[in-house]
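Q: A predicted structure for the sequence below; I have some questions about it.
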Amino acid sequence: MFEIHKPEWLYEALPYVYGVAGIVTITNQGNWLSMASGGLLVSAGVFTWWLRRSYRLEHKRDEVEHRLAQRKAADYAESVRRESERLRNEV
């Protein structure tokens, strides 16, 4: 529903923009509403950063595991090929 394309530079900067906007809002205004709004902005920035970091770390780990599995499969296929070649040469 809200899938609007954002340029990558903007997408990557958003958590920091939220945090800075929140800090500016808290420090420049003196009433409780601006402090609450600023706190929510800072919280949104930290939460967005944490979600992205968690997602990227998990997918990086999955990618490494996938490459390791591919390497093991290739090594196994190579060992089977060498063994079959050795057996053919013995006959």
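A: Nice, thanks for sending it over. Only a predicted model underlies this, so the values are computations on that prediction, with no experimental measurement involved. Residues are numbered from 1 along each chain as shown.
Q: can you give me the helices for this structure?
A: Shown for the chain, the helices assigned by DSSP state H span residues 8-28, 32-90.
Q: worst average pLDDT in the ones you listed?
A: Looking at the helices of the chain, the lowest mean pLDDT belongs to helix 32-90 (a mean of 88).
Q: separation between residue 67 and residue 60?
A: Per C-beta to C-beta, to the nearest Å, residue 67 is found 11 Å from residue 60. The C-beta positions use only the backbone N, C-alpha and C, and glycine is treated the same way.
Q: distance of the residue nearest in space to the middle of the chain from residue 42?
A: The centre of the chain sits closest to residue 56, judged by C-alpha atoms, centre = their mean, with a distance of 1.5 Å. When distance is defined by C-beta to C-beta, residue 56 is 21 Å away from residue 42.
Q: sorry, back to before: among the helices of the chain, which is the most enclosed?
A: Comparing the helices of the chain by mean neighbour count (mean count of other C-beta atoms under 10 Å), helix 8-28 ranks first with a mean of 14.
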